[in-house]
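Engineer: Sequence and predicted structure are below.
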Amino acid sequence: MRAAAWLVTASITGSRAASCAKGGAWVKKGSGFLNEKFFARRRIARFGLLGLAVVGLGISSAQTNDTRAAPARNSPPALAAPDATGAKVIRIAYAVAQNSHYGAGVDAFGRELAELTNNRFKVEHLPAGKAGGELEILNKVKSGELEMGNTSTGPLGNIVPEAKLFDLPFLFSDYAHARRTLDGKIGQSILELFPKYGLIGLAWSENGFRHITNNRRAIIYPADLASLKLRTMENSVHMQALRTLKAQPTPLAFPKLFDALKRGELDGQENPLPVILASKFSETQRFLSLTQHFYSPCVLTVSPSLWASLSEQDRYAFKMAARAAVRAQRDRVNADEFAALTALRASGMQINTFVDTNAFRSALRPAYERMLPGLNPKIIEEIRTFR
Ligand code: EAX
């Protein structure tokens, strides 16, 4: 694959290097790590490549449905239609069960929004893949079929390519590091790019550090992953990382995962503890190894057509509600992280807490450039040292 020109050269806080600006306008002054013109050309090619990868590695033809963009519409149905009380209904879709960190985030969003707008808005949960997998949700929010999404960044890079940065393995040292980076200028500069791709990103929320579950063996060393057929999200960075470790990454939309595991079509999968808990993966998976190889951010998205119809005051209320959602979702991640191991062990999982993390890190970090061609090492350094 040809090297992409994004994330190349100037660092995110570094002053905008004049030479880098040639051939395309920098998206945001002072955050010159991507080149807009170049990206516009690359986007279609990238979509195509991911599509091919998904079809080529697919475990069933049905999964490809989730990777298609929503059909173009001339006039999308009205968003935020009023309910019987006259309150405008904001449907928020997510892939995981309602009793989860996602549900907790959406609850908090709804409470805060209702309070700040004097009940002029009302939130409705669309949990558990009711509105499809996460790529489908994002495409529906983009096309104006749905008001909002609360999704991981798994498939986000197919729409906002710059967001792939956060999907690199072993990028963040712990939860505090990830949260402050996303809430700080690095995270915010990427949120500001969303409108250019037809989405509104309200805030980064959280899914959690991902761990591997499977039915073959405990994963202690990178070699333990050899030839394991692991479900991944529809994410080219994750797939390349797992290929580097000689696993067989198999992309699949989340709502199809439980049944695929049950049918034995896969050896395993990887997800944060809150998802493993909420989705009862202990019923289909024997080994859980605490690999924490990727951090999985989550993002609250709003449909641009809804956003365009909101007053400044209501937009402010949505932003404040998003803050409340992020706090509640992260609090639930903390609580689940605390409770998960006992609960999963009690439901029969064999938990392997010793993982040679240094060996995984050493195998994966030098391969960043292959996962994200054209990546500027300066941005990695910037994230690593971000306070
Ligand atoms: O967002 O697809 C995934 O594995 C995600 O981690 C899950 O849907 C939660």
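Structural biologist: Sure thing, it's come through. Numbering: from 1, shown residues only.

Engineer: Count residues in the vicinity of whatever residue of the stretch 101-250 of the chain ends up closest to the ligand, would you?
Structural biologist: For the stretch 101-250 of the chain, the residue closest to the ligand is Ser152, as judged by CB to the nearest ligand atom, at 3.4 Å. Every C-beta, even on glycine, is put in place using the N, C-alpha and C of the backbone. Ser152 has 27 neighbours, counted by other CB atoms under 10 Å.

Engineer: i'd like the first residue to be 16 from this point on
Structural biologist: Understood, numbering begins at 16; the last thing we discussed is Ser167.

Engineer: wait, doesn't it sit right on Ser311?
Structural biologist: Yes. At 5.0 Å, Ser167 counts as touching Ser311 under the criterion of CB atoms under 8 Å.

Engineer: before we move on, the earlier item: would you list the phi and psi of the nearest residue to the residue of the stretch 116-265 of the chain closest to the ligand once chain neighbours are set aside?
Structural biologist: Among residues not flanking Ser167 along the chain, Asn222 sits closest, at 4.4 Å (CB to CB, 6 or more residues apart in numbering). Backbone torsions of Asn222, given as degrees, to the nearest 10, read phi -110, psi -50.

Engineer: Report the contact partners of the residue nearest to the spatial centre of the chain.
Structural biologist: Centrality entry for the chain: nearest residue to the mean C-alpha point is Thr168, 1.2 Å, by CA atoms, centre = their mean. Going by CB atoms under 8 Å, 6 or more residues apart in numbering, Thr168 touches Ala178, Phe181, Asp182, Asn222, Asn250, Ser311, Pro312, Cys313, Val314.

Engineer: Nearest residue to the third one in space, please, no chain neighbours.
Structural biologist: If I follow you right, that is Asp182. Val252 (4.1 Å).

Engineer: wait, what's in contact with the one you found?
Structural biologist: Val252 sits in contact with Gly172, Lys179, Asp182, Leu183, Met386, Leu387, where contact means CB under 8 Å, 6+ apart.

Engineer: likewise Ile395?
Structural biologist: Leu183, Leu186, Tyr383.

Engineer: Report the buried members of those.
Structural biologist: Leu183, Leu186, Tyr383 (16 or more other CB atoms under 10 Å).

Engineer: three-state assignment of Ile234?
Structural biologist: Of the three states, Ile234 takes coil under DSSP: H, G, I helix; E, B strand; the rest coil.

Engineer: where does the protein dip in pLDDT?
Structural biologist: Residues of the chain meeting the criterion pLDDT under 70: 16-92.

Engineer: Tell me, how many residues neighbour Gly283?
Structural biologist: Number of residues near Gly283 (other CB under 10 Å) recorded here: 26.

Engineer: ok, it to Val121 distance?
Structural biologist: 28 Å (CB to CB, to the nearest Å).

Engineer: which residues sit in contact with the residue in the stretch 266-402 of the chain that the ligand sits nearest to?
Structural biologist: Residue of the stretch 266-402 of the chain nearest the ligand, by CB to the nearest ligand atom: Phe269 (3.5 Å). Phe269 makes contact with Ala110, Val111, Gly144, Gly148, Glu149, Gly169, Met248 under the criterion CB under 8 Å, 6+ apart.

Engineer: So which of those residues is the closest to Thr400?
Structural biologist: Gly169 (26.7 Å; CB to CB).

Engineer: From Gly148, how far off is the closest residue to the closest one other than its chain neighbours?
Structural biologist: Residue nearest to Gly169 in three dimensions, not counting chain neighbours: Met248, with 3.0 Å by CB to CB, 6+ apart. The gap separating Met248 from Gly148 is 9 Å, by CB to CB.

Engineer: same thing with Leu186?
Structural biologist: Remark: distance between Leu186 and Gly148 (CB to CB) = 24 Å.

Engineer: ditto for Phe181
Structural biologist: With CB to CB as the criterion, Phe181 and Gly148 are 19 Å apart.

Engineer: same question, Val314
Structural biologist: 15 Å.

Engineer: Those two: who's more crowded?
Structural biologist: The neighbour count for Val314 versus Gly148, taken as other CB under 10 Å, is higher for Val314 (28 against 25).

Engineer: near the ligand, which residues of the protein show up?
Structural biologist: Along the chain, the residues adjacent to the ligand under the rule CB under 6 Å from any ligand atom are Ala110, Val111, Glu149, Thr166, Ser167, Gly169, Asn222, Met248, Phe269, Asn286, Val290, Ser311.

Engineer: Kindly provide the distance from Gly101 to Asn134.
Structural biologist: Taken as CB to CB, the span from Gly101 to Asn134 is 9 Å.

Engineer: Now for Lys200, how many residues are close by?
Structural biologist: With other CB under 10 Å as criterion, Lys200 counts 14.

Engineer: now Leu197
Structural biologist: Other residues close to Leu197 by other CB under 10 Å number 24.

Engineer: got a list of what it touches?
Structural biologist: Phe181, Trp219, Pro312.

Engineer: Adding distance to Ala129 as columns, could you present those in a markdown table?
Structural biologist: Below are the contacts of Leu197 laid out as a markdown table (distance: CB to CB, whole Å):
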| residue | distance to Ala129 |
| --- | --- |
| Phe181 | 31 |
| Trp219 | 23 |
| Pro312 | 26 |
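
Engineer: so which of these would you say is closest to Val348?
Structural biologist: Pro312 (11.2 Å).

Engineer: Would you check the distance separating whatever helix or strand that closest one lives in from the middle of the chain?
Structural biologist: Using DSSP states H and E, the element containing Pro312 is strand 310-317. The chain centre lies 5 Å from the centre of strand 310-317; the measure is CA atoms, centre = their mean, to the nearest Å.

Engineer: now stretch 250-263
Structural biologist: 16 Å.

Engineer: Please tabulate the contacts of Phe269 in TSV and include distance to Arg402 and secondary structure as additional columns.
Structural biologist: Formatted as TSV, the contacts of Phe269 follow (distance: CB to CB, whole Å; DSSP: H, G, I helix; E, B strand; the rest coil):
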residue	distance to Arg402	secondary structure
Ala110	33	coil
Val111	32	coil
Gly144	38	coil
Gly148	36	coil
Glu149	31	helix
Gly169	28	coil
Met248	30	coil
